[in-house]
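In: Let's see this in three dimensions:
(one chain, ligands or ions: 1)
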Amino acid sequence: MNPVLNRRNLLWGGASLAGAALTARLTDTSVRFMNSALAQVAAPSGPIRMSSNENPYGPSKVAIEAMQAAFSQSNLYGGIGNQILELQASIEKVSPESITISAGSGELLQAAGILASLDKGSIVAPYPTFGQLLRAAEDMGSEIINVPVDENMHIDLEAMYAAIRPDTKMVYLCNPNNPIPSIIEKKALEDFVRTVAKDRLVFIDEAYYEYVDNPDFSSMMPLIAEGVNNVIVARTASKIHGFAGLRVGFGFAHPELIERLNLVKTGSISILAQHAALVAYQDKEFQDFARARNKEGLAIVEGMFDELGLRYVKSNANFVFFETGIDNEAFRASMREHNILVGRLFQPYPTWARVSIAKREEMAYFVQTYKSLYT
Ligand SMILES: Cc1ncc(COP(=O)(O)O)c(C=O)c1O
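Out: Residues are numbered from 1 along each chain as shown. Here you go, the predicted structure:
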């Protein structure tokens, strides 16, 4: 582990975000809940999923009702793709031609990885990061240039820029990143994207975008609205909307690039998922609810990190990444014995763990279990 990495600079998480934001997160209500809940959390009847960054509350009631109403159309081809494109266009202030719908953002990630590899070369990516696009590209013959995160575990844009070679076809960025839930400072990111996209593709994976509460963050969607070419922004309904099993994602790019992506994509989303997506993206109440609950869950678990002096990266998403000091496999096994499923090993951090935010009583149970085992 890099010696510069200490608890203090990790706490600063996303670029210049101050510790004050963490304090703000510990609202009276969540602290009260934490104190009362921690005293008496019962063991769960089945495994608690804290392993895949899912939303424990979704899909919303309105999304489920929309699917129930759409059952009777399940025998029909076609659907309401155009309505979904129009809705996304109005939410994101881009043209419908700048959007493609995918079977989860995973399909788009894979399509983009394949597209960037049709003409063999390299792809520059942070390390560690989310691997789906990179695996697809590697399978197609691209070389992946992994650029380690910096000493604060932030994506190192300067090092990424320096790693670009003449044969680099794409730069992949994940913002917030995964498994490290840090963000890239918005101005530095925009400058980077504008410069790099002059000559090659830049893919920005914004799967956790809706959870970010950090003034240093900005989506790169305005570049799509502006018509900047060679930039792809990916979004998913899997996270804040709780659609992981429904498979709805979106790609945003210049219309010519969308056409190229559509040539490579092969999936489509079911009529049920389409109807669910149409209402979910208009259901602000559920999104606010999921965001607020996630914040409370983060406060509970990050509160424990502070209390125990554990090193962690302040989260901008629906998961945390922290140093247990225990071999990841052993940590996962002991958590499993207590009906808690946590994230797998992420190199190069064999003694760190990724834990997804579940319901707040489940987070309280996680804290209770962790403390009983390791303090
Ligand atoms: C950063 C990131 N991008 C994309 C995905 C893919 O999600 P989905 O295919 O469900 O949209 C995930 C899933 O966890 C993720 O963490």
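In: I believe residue 204 is in a helix; please confirm or correct that.
Out: No. Read with DSSP: H, G, I helix; E, B strand; the rest coil, residue 204 is strand and lies in no helix.
In: Show me what it is bridged to.
Out: Note on residue 204: beta-bridge partners by DSSP bridges are residue 173, residue 233.
In: how about it, what does it touch?
Out: 173-175, 193, 220, 231-234 (Cβ atoms under 8 Å, 6 or more residues apart in numbering). Every residue, glycine included, has its C-beta placed from N, CA and C.
In: give me that answer again for 6 Å
Out: By Cβ atoms under 6 Å, 6 or more residues apart in numbering, the contact list for residue 204 reads 173, 175, 220, 233.
In: So which residues of the stretch 201-350 of the chain form helices?
Out: 221-226, 255-264, 271-280, 284-308, 328-337 (DSSP state H, counting those that start in this stretch).
In: Compare those and report which one is nearest to the ligand.
Out: The ligand lies closest, by Cβ to the nearest ligand atom, to one member of the helices of the stretch 201-350 of the chain: helix 271-280, at 11.6 Å.
In: What helices and strands are in contact with that closest one?
Out: helix 61-70, helix 81-92 (3 or more Cβ pairs under 6 Å, 6 or more residues apart in numbering; DSSP states H and E).
In: Do any residues in it lie close to the ligand?
Out: No. Counting by Cβ under 6 Å from any ligand atom, the ligand has no neighbours in helix 271-280; the shortest distance is 11.6 Å.
In: List phi and psi for residue 217.
Out: Taking degrees, to the nearest 10, you get phi -100, psi 140 for the backbone angles of residue 217.
In: Apart from its chain neighbours, what residue comes closest to it?
Out: With sequence-adjacent residues excluded and distances taken as Cβ to Cβ, 6 or more residues apart in numbering, residue 217 is closest to residue 183, at 4.6 Å.
In: measure the one you found to residue 153 for me?
Out: Residue 183 is 12 Å from residue 153, where distance means Cβ to Cβ, to the nearest Å.
In: With residue 141 instead?
Out: 31 Å.
In: Out of those two, name the residue with the larger neighbour count.
Out: More neighbours surround residue 153 than the other of residue 141 and residue 153, with 24 against 10 (other Cβ atoms under 10 Å).
In: Can you classify that one by secondary structure?
Out: coil.
In: Please tell me I have it right and it contacts residue 313.
Out: Yes. Applying Cβ atoms under 6 Å as the test, residue 153 and residue 313 come out as touching, 5.2 Å apart.
In: can you list residues touching both of these two?
Out: Joint contacts of residue 153 and residue 313 (Cβ under 6 Å, 6+ apart) are residue 180.
In: quick one: which of the contacts of residue 204 is nearest to residue 290?
Out: When the contacts of residue 204 are ranked by distance to residue 290 (Cβ to Cβ), residue 175 comes first, at 19.7 Å.
In: tally of neighbours for that closest one?
Out: By other Cβ under 10 Å, 27 other residues sit near residue 175.
In: ok, for it, nearest residue in space, not its chain neighbours?
Out: residue 184 (5.0 Å).
In: got a list of what the residue nearest to residue 335 when sequence neighbours are not counted touches?
Out: Distance criterion Cβ to Cβ, 6+ apart; nearest residue to residue 335, sequence neighbours excluded, is residue 342 at 5.0 Å. Neighbouring residues of residue 342 by Cβ under 6 Å, 6+ apart: 50-51, 332, 335, 353, 355.
In: Kindly report the same for residue 136.
Out: Applying Cβ under 6 Å, 6+ apart, the residues contacting residue 136 are 110, 113-114.
In: any idea how far residue 79 is from the ligand?
Out: Using Cβ to the nearest ligand atom, to the nearest Å, we find residue 79 at a distance of 19 Å from the ligand.
In: now swap in residue 71 and tell me
Out: To the ligand, residue 71 is 23 Å away according to Cβ to the nearest ligand atom.
In: what does residue 101 give?
Out: From residue 101 over to the ligand the distance is 12 Å, taken as Cβ to the nearest ligand atom.
In: domain ranges for this structure?
Out: 7-57+285-374, 61-280 (automatic domain parsing).
In: Including mean pLDDT, could those domains go into TSV?
Out: TSV is the format used below for the domains of the chain (pLDDT from 0 to 100):
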stretch	mean pLDDT
domain 7-57+285-374	83
domain 61-280	98
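In: To what extent is residue 337 buried, counted in neighbours?
Out: Using other Cβ under 10 Å: residue 337 sits among 10 other residues.
In: With residue 227 instead?
Out: Residue 227: 12 neighbours (other Cβ under 10 Å).
In: What of residue 336?
Out: Per other Cβ under 10 Å, the neighbour tally for residue 336 reads 13.
In: Mind listing what's buried along stretch 233-253?
Out: Residues of stretch 233-253 classed as buried: 233-244, 246-253 (neighbour count, 16 or more other Cβ atoms under 10 Å).
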